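[1] Sequence first, predicted coordinates after that:
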Amino acid sequence: MSSQKITYSYKVILPYSETSNPRKLFKIEYTVEADNRENAIAEAERQFFGYLQYDMASWVRTLDREQIRVWKLSPDLPQTSQSIDELCQRLESSDLDILYQSLRAIGEIQDSTASSRIIKLLSHPDEEIAALAADTLGRIGDPGNVQTLISFFKPATNPRLKASILSSLGKIAGQADPIQDLLASALGDSDSRVRANAVEVIEELFLPRHTRLLLPMLADEDNRVRANVLKALWQCHNRLSLVTTLNDMLENHNPWMRASAAFVLEHIDIENRVNKLSKLLSDPDPVVVSSAWRAVCNINELECMNYWIEYIIKYPEKQSHEIVGKIVNFGSEALKYLYTFQKNQKIKHDILERIIERIEDEIYLKEGLISWLKAKSRRFSGE
């Protein structure tokens with residue numbers, strides 16, 4: 001899988017003062033590309049201080065970091081501070097639909113200005129709204145909300161809210177935050193969503209005691225918990241015992257265990273994992289088959305080529321541009337699989353023909369006329 005990060009456009013407003021007029025607060029705006037909110041702020045500050053290096057003024061400018069404002073730009077959502085403020089005011093509504101839509105939008109924009117209003121909704125009587133409020137604090141990405149989320153995680157807190165709090169902590173907490181006791185408690189929770197999310201947070205933060213915390217969870221009765229533990233321990237524990245647990249899940253009579261085993265195979269590089277997934281593709285349970293297809297389509301290995309081709313033919317309504325892109329990226333190596341598939345099927349599929357033509361075009365652009373003619377020759381000879 002590619003490790004390249006996806007970037008987004010952010011608007012960052014940096015407030016600052018000058019020694020020439022310390023009582024007046026100035027503002028400067030930047031539009032930057034970054035993969036998250038914190039990095040957007042860092043990039044804007046870099047540009048701000050880079051500009052100062054060329055400033056010949058005798059006064060000094062000082063950032064007021066407490067008042068920095070940042071949000072992600074999206075064509076379908078408010079893009080100005082005024083329109084975002086109007087959106088935030090909707091969090092005072094008593095209408096559940098308005099609250100739901102507003103929280104979703106604010107989480108997408110990632111503007112922390114609404115945090116105080118969102119925090120109030122953590123106590124909302126509607127469990128769905130309270131849980132979405134916790135989720136939104138995580139999506140905003142402001143580490144300043146960590147302590148608030150911790151304070152709402154109590155034994156009497158409803159499981160839905162607990163699970164959302166843990167999910168958000170996984171996004172914004174750091175190793176230095178005091179959450180180890182909270183996580184230890186969550187691992188013993190009676191609700192499987194809470195336990196599973198706690199495992200994800202422990203993996204995300206890579207806590208010092210994480211192996212000791214997670215090993216007992218390999219015997220958890222819940223499929224998602226067990227899968228998350230396998231994924232979390234794969235890089236740091238005896239793999240022989242982990243493979244034993246994985247094989248037990250693959251052969252388990254419970255289809256949800258087999259489906260979760262497919263999820264694990266998607267995320268760990270184990271010997272013969274594609275062969276193991278191929279067996280799950282023939283499973284009698286559609287949930288298992290769906291999970292296995294998802295795993296195969298997300299693994300970026302040439303060994304999966306035949307399965308990718310089969311998938312886009314078998315499920316044309318689900319055709320993924322990402323899968324087609326993977327096939328095209330393998331260039332000449334993909335052509336032999338496509339030719340063989342067409343030959344064995346004894347029928348030409350339009351979608352495969354278009355992929356072949358696209359690869360041939362890429363060969364012409366990257367390798368020249370001779371390579372393109374060779375590819376064409378192989379195609380028409382059926383080799």
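    All right, it came through fine. Residues are numbered from 1 along each chain as shown.

[2] Pull the contacting residues for P159.
    Counting by C-beta atoms under 8 Å, 6 or more residues apart in numbering, P159 touches D189, S190, D191, R193, V194. C-beta coordinates here come from the backbone N, C-alpha and C atoms, glycine included.

[3] now for the helix or strand of the chain with the lowest mean pLDDT, which elements pack on it?
    For the chain, counting by mean pLDDT, DSSP states H and E, helix 369-381 ranks last in confidence among helices and strands (a mean of 72). Here helix 369-381 touches helix 332-345, helix 350-367, going by 3 or more C-beta pairs under 8 Å, 6 or more residues apart in numbering; DSSP states H and E.

[4] For the stretch 1-150 of the chain, which segments count as strands?
    Along the stretch 1-150 of the chain, counting by DSSP state E, counting those that start in this stretch, strands occupy 8-18, 21-34, 61-63, 69-72.

[5] hmm, who's touching stretch 275-291?
    Stretch 275-291 has contacts (C-beta under 8 Å, 6+ apart) with 250, 255-256, 258-263, 265, 270, 292-293, 295-296, 307.

[6] Which members of those are positioned in helices?
    With helices taken from DSSP state H, the overlap with these comprises 250, 255-256, 258-263, 265, 292-293, 295-296, 307.

[7] Determine which two of those residues are furthest apart.
    Farthest pair in the ones in helices among the contacts of stretch 275-291 (C-beta to C-beta) is W256 and Y307. Separation: 22.5 Å.

[8] residues in contact with S93?
    S93 is in contact with L99, S102, counting by C-beta under 8 Å, 6+ apart.

[9] just to revisit the earlier point, which of the ones in helices among the contacts of stretch 275-291 has the most neighbours?
    Highest neighbour count within the ones in helices among the contacts of stretch 275-291, by other C-beta atoms under 10 Å: A261, with 29 neighbours.

[10] which ones are touching that residue?
    A261 neighbours (C-beta under 8 Å, 6+ apart): A227, L246, M249, L250, N252, L280.

[11] ok, now S167?
    A134, D135, G138, N197, E200, V201.

[12] how close does C297 get to H267?
    Relative to H267, C297 is positioned 14 Å away (C-beta to C-beta, to the nearest Å).

[13] my bad, should have said S190
    According to C-beta to C-beta, S190 and H267 sit 27 Å apart.

[14] the more surrounded of the two?
    Using other C-beta under 10 Å as the criterion, S190 and H267 rank with H267 on top: 17 against 7.

[15] which residues sit in contact with that one?
    The contact partners of H267, taken as C-beta under 8 Å, 6+ apart, are K231, W234.

[16] ditto for E43
    V12, Y30, V32, E33, A34.

[17] quick one: pLDDT of the last one?
    Confidence per residue is given as pLDDT, and for A34 that number is 94.

[18] burial measure for the closest residue to it other than its chain neighbours, as a count.
    Nearest non-adjacent residue to A34, counting by C-beta to C-beta, 6 or more residues apart in numbering: A40, 3.8 Å away. A40 has 26 neighbours, counted by other C-beta under 10 Å.

[19] now the helix or strand harbouring S278: mean pLDDT?
    Secondary structure assignment for S278, by DSSP states H and E: helix 273-280. Computed over helix 273-280, the mean pLDDT rounds to 94.

[20] Just the buried residues of that helix, please?
    Neighbour-count burial for helix 273-280, counted by 16 or more other C-beta atoms under 10 Å, picks out R273, V274, K276, L277, L280.

[21] Tell me the one among the residues you listed nearest to D95.
    Distance to D95, by C-beta to C-beta, is smallest for L280 among the buried residues of helix 273-280, at 44.3 Å.

[22] And the residue nearest to that closest one when sequence neighbours are not counted, how far from I309?
    Nearest non-adjacent residue to L280, counting by C-beta to C-beta, 6+ apart: A292, 3.7 Å away. Relative to I309, A292 is positioned 16 Å away (C-beta to C-beta).

[23] contacts for stretch 97-112?
    Contacting residues not belonging to stretch 97-112 are listed as 10, 37, 69-72, 74, 77-78, 84, 87-88, 90-91, 93, 114, 118, 121, 124, 128-129, 132-133, 135-136, 139-142, 144-145 [C-beta under 8 Å, 6+ apart].

[24] Would you mind checking these for buried ones?
    10, 37, 69-72, 77-78, 84, 87-88, 90-91, 114, 118, 121, 124, 132-133, 135-136, 139-142, 145.

[25] what number of residues lie near the closest residue to I119 other than its chain neighbours?
    Counting by C-beta to C-beta, 6+ apart, T148 is the residue found nearest to I119 once chain neighbours are left out, at 5.6 Å. The number of residues packed near T148 is 16, by other C-beta under 10 Å.

[26] likewise S320?
    When neighbours are counted by other C-beta under 10 Å, S320 registers 13.

[27] My guess is it contacts C297. True?
    Yes: S320 is within contact range of C297, at 6.8 Å (criterion: C-beta atoms under 8 Å).

[28] What does the pLDDT read for the closest residue to E266 other than its chain neighbours?
    Take E266 and drop its neighbours on the chain: the residue closest to it by C-beta to C-beta, 6+ apart is A295, 3.5 Å away. pLDDT, A295: 96.
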